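# just need the structure, nothing else, for what follows:
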Amino acid sequence: MPQVVEIYDDRLRAIVSTDASLQKLANGAVHSEGPVYMHEDDSVVWSDAHGNRLLRWSSSDNVTVLRDPSDYQSGNYRDLEDRLVACSSGLRAIVRQEQNGEWKVLCDRYQGKRLNSPNDLVVKSDGTIWFTDPPYGITEPDQGYGGEQEQSGSYVYRFDPVTGEIYPVVTDMVRPNGLAFSPDESLLYVSDTAAFNIPGGSHHIRVYDVVDGRWAKNGRVFAVIEPGQPDGLRVDEHGNVFTSSQDSVQVYAPDGTRLGKIFVPEVCANLTFGGKERDRLFITAGKSLYAIDLNTCGVQL
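Okay, here's the model as predicted:
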């Protein structure tokens, strides 16, 4: 059996067993991203981002197609009312599935100009949506419908779906991508994947102090990720940071120490916690969906 877990720091032993097995749950996507766990029926919804579809896996009926086309959805999450909210790189918008099943555009502009192409998002405990806005849906032919960039940069935004207020909270990154809050929401982690198509570009995670629940300040590098780039991020109940990379899911302690790796046979894109106890890690990588059981619980699904 190939090695699944590699330990760099003994703290990882309390997080994942060295004999844990990685399960391949599904394949057949063009490029898997944005998994979100559905507690009602123990299923996972994820994006075939380059295939322009939204997929669902469950142990009872395997894989079904939920949306085709999906307007190049990428990151998915659930709001405080358990509605599915998503980044639409095609529509260059944040969208939400209403209780009647219809999809609604929540926001697609800042200061009257179109967003670039929202990529990933999280919902804070106050109901606000924080999302990244790199230009991949504009620049990459298999990630959106193209167009002209209207924003002056690639930012992280805070959007209030109740009031409609939107403003950038992070403006000092080149290609912000994945993001996650610490358990107490005092910190915001954001991955920068500039190296994906910019020679010499960043491939690190930055961390910011969340001030008054509304602002991200004092940005600094948390960890440089290699091989490849970080993309999706999730945090467990102890504040450990799980990030995708080229060869694995890498695990970092809150102090920035790399604890180890969970190897995945395809290039990792995103991940999320799920299961009844939130102790199962679901991983979208390459064309597939994987899962591994952990000894820790996630705080964000």
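# over to the one residue sitting closest to the centre of the chain: give its phi and psi.
For the chain, the residue sitting closest to the mean C-alpha position, by Cα atoms, centre = their mean, is residue 232 at 3.7 Å. Taking degrees, to the nearest 10, you get phi -80, psi 150 for the backbone angles of residue 232.
# look up the closest residue to it, ignoring the ones flanking it.
residue 270 (3.1 Å; Cβ to Cβ, 6 or more residues apart in numbering). For glycine as for every other residue, the C-beta is placed from the backbone atoms N, C-alpha and C.
# average pLDDT across the biggest strand by length in the chain?
The residue-count maximum for a strand in the chain (DSSP state E) belongs to strand 215-224. Strand 215-224 carries an average pLDDT of 98.
# same deal with stretch 182-193?
Stretch 182-193 comes out at a mean pLDDT of 97.
# and that stretch, end to end?
Taking Cα to Cα, to the nearest Å, the first and last residues of stretch 182-193 lie 20 Å apart.
# can you point out the buried residues in that stretch?
Neighbour-count burial for stretch 182-193 flags 182, 183, 187, 188, 189, 190, 191, 192, 193 (criterion: 16 or more other Cβ atoms under 10 Å).
# and what of stretch 104-118?
106, 107, 108, 110, 114, 115, 116, 117, 118.
# distance to residue 293 and pLDDT for those residues - can I get that in JSON lines?
Compiled in JSON lines, the buried residues of stretch 104-118 are given as follows (distance: Cβ to Cβ, whole Å; pLDDT from 0 to 100):
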{"residue": "106", "distance to residue 293": "34", "pLDDT": "98"}
{"residue": "107", "distance to residue 293": "37", "pLDDT": "98"}
{"residue": "108", "distance to residue 293": "39", "pLDDT": "98"}
{"residue": "110", "distance to residue 293": "41", "pLDDT": "98"}
{"residue": "114", "distance to residue 293": "42", "pLDDT": "98"}
{"residue": "115", "distance to residue 293": "37", "pLDDT": "98"}
{"residue": "116", "distance to residue 293": "37", "pLDDT": "98"}
{"residue": "117", "distance to residue 293": "34", "pLDDT": "98"}
{"residue": "118", "distance to residue 293": "31", "pLDDT": "98"}
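# how far away is residue 16 from residue 251?
8 Å (Cβ to Cβ, to the nearest Å).
# now for these two: what residues contact both?
260, 262 (Cβ atoms under 8 Å, 6 or more residues apart in numbering).
# neighbour count: these two, which is higher?
residue 251 (27 against 24; other Cβ atoms under 10 Å).
# what's the local residue count around the spatially closest residue to the more buried one that is not a sequence neighbour?
What sits nearest to residue 251 in space, not counting adjacent residues and going by Cβ to Cβ, 6+ apart, is residue 259, at 4.6 Å. When neighbours are defined as other Cβ under 10 Å, residue 259 has 22 of them.
# what is the helix or strand hosting residue 259 packed up against?
In this assignment (DSSP states H and E), residue 259 forms part of strand 258-263. Using 3 or more Cβ pairs under 8 Å, 6 or more residues apart in numbering; DSSP states H and E, the elements in contact with strand 258-263 are strand 5-7, strand 248-252.
# what's the most buried one of these?
strand 248-252 (a mean of 24; mean count of other Cβ atoms under 10 Å).
# one step back: what's the closest of the helices and strands packed on strand 258-263 to residue 39?
Closest approach to residue 39 among the helices and strands packed on strand 258-263 is made by strand 248-252 (21.6 Å; Cβ to Cβ).
# could the C-alpha coordinates of that closest one be exported in CSV?
Extracted in CSV, the C-alpha atoms of strand 248-252 (Å, rounded to 0.1, in the frame of the first residue of the first chain):
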residue,chain,number,x,y,z
SER,A,248,-1.0,16.3,-0.9
VAL,A,249,-3.1,18.0,1.7
GLN,A,250,-0.6,19.7,4.0
VAL,A,251,-1.4,20.4,7.6
TYR,A,252,0.0,23.4,9.6
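# now do that strand: distance to the chain's middle.
Strand 248-252 has its C-alpha centroid displaced from the chain centroid by 14 Å (Cα atoms, centre = their mean, to the nearest Å).
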